[in-house]
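Peer 1: Can you look at this prediction? I've put the sequence above it.
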Amino acid sequence: MSTNSIEKKIENKVAYLHLNRPEVFNSFNREMALSMQTALDEVAQNPEVRAIVITGNGKAFCAGQDLKEVTTPELNPGFRKILEEHYNPIIERIRAIEKPIVAAVNGVAAGAGANIALACDIVVANEHAAFIQAFSKIGLVPDSAGTFFLPRLIGFQKASALMMLGDKVSATEAYEMGMIYKCYPTALFEEEVQKLALTLADMPTHALALTKKLLNRSMINNLQEQLAMESDLQIEASSSNDYREGVAAFVEKRKPEFKGN
């Protein structure tokens, strides 16, 4: 299934969501943002889906906000709606969905496009991709949780400089500074993304969901709170069928078959 602006494909337990406005470098307008939320809800609720990949069609991953929308009076929803109804709900869904989400950055990721990618669980990029905190270039501040995630990924000073100066960061530079997990050669990009997604889909995804909860809370918990939550969720994980299967497979020296429960 697909909409005009979001293409959805489910294959081998993996849902692929393609941002599909290549003529404007997959920049977001209201229709695309709402369609993205719907697509995320659908794959989150689909029991056949065990991992999710977000990527872009064409040359770009996502150029952020479609400026034509905000500069055309009859189209402009206003910045409060854009943030509260478009981008914030997308970020909240990405962090709340109890399935691993991979951002496969195939080209430029700018503004909100960059920060949506950085909110995902694992970020990989084509060697020709780039990340740009483009907001300062037009007199805006970073949004889409960029000020939350980027300093935690690369440190306060580096994040501050990138956001204020709007520097273009190559995929290789992003990898070297710890912004993303891996950078793949163009010729291998799609194959490596698929391999990564299939690996995640075959893993004990209930444990991955609990890990995601722990990582979310680690942003605000103190040490004692985090230790307590680790204890609670480890007890939950140890009562799962996946744990029993993992231990049995280890003892029997075979490949485990995890079901995500």
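Peer 2: In hand now; what should we look at?
Peer 1: now stretch 68-86: mean pLDDT?
Peer 2: What stretch 68-86 shows for mean pLDDT is 91.
Peer 1: I figured P151 was touching A159, is that so?
Peer 2: Yes. The pair P151 and A159 passes the contact test of CB atoms under 8 Å, sitting 4.1 Å apart. For the C-beta atoms, the positions are set from N, CA and C on the backbone; glycine is no exception.
Peer 1: Could you check how far stretch 51-62 is from the centre of its chain?
Peer 2: Relative to the centre of its chain, stretch 51-62 is centred 10 Å away, using CA atoms, centre = their mean, to the nearest Å.
Peer 1: Equivalent analysis for stretch 56-70, please.
Peer 2: On CA atoms, centre = their mean, the centre of stretch 56-70 falls 16 Å from the chain's centre.
Peer 1: and what of stretch 155-166?
Peer 2: 21 Å.
Peer 1: P151 and A159: which is more packed in?
Peer 2: The neighbour comparison of P151 against A159 (other CB atoms under 10 Å) goes to A159, with 21 against 16.
Peer 1: which ones are touching that one?
Peer 2: A159 sits next to 147, 150-151, 153 when contact means CB atoms under 8 Å, 6 or more residues apart in numbering.
Peer 1: Recalculate using a threshold of 7 Å.
Peer 2: By CB atoms under 7 Å, 6 or more residues apart in numbering, the contact list for A159 reads 150-151.
Peer 1: Next, it: phi, psi?
Peer 2: phi -60, psi -40 (degrees, to the nearest 10).
Peer 1: Specify the beta-bridge partners of T55.
Peer 2: Beta-bridge pairing for T55 (DSSP bridges): H18.
Peer 1: Could you check how far it is from L198?
Peer 2: Distance of T55 to L198, given as CB to CB, to the nearest Å: 15 Å.
Peer 1: Which of these two has more residues huddled nearby?
Peer 2: T55 (24 against 16).
Peer 1: Secondary structure class of the residue nearest the centre of the chain, three-state.
Peer 2: In the chain, the residue lying closest to the centroid (CA atoms, centre = their mean) is C120, at 2.3 Å. With DSSP: H, G, I helix; E, B strand; the rest coil as the basis, C120 sits in coil.
Peer 1: ok, for it, nearest residue in space, not its chain neighbours?
Peer 2: Nearest non-adjacent residue to C120, counting by CB to CB, 6 or more residues apart in numbering: A103, 3.9 Å away.
Peer 1: Now the one you found: phi and psi?
Peer 2: phi -90, psi 120.
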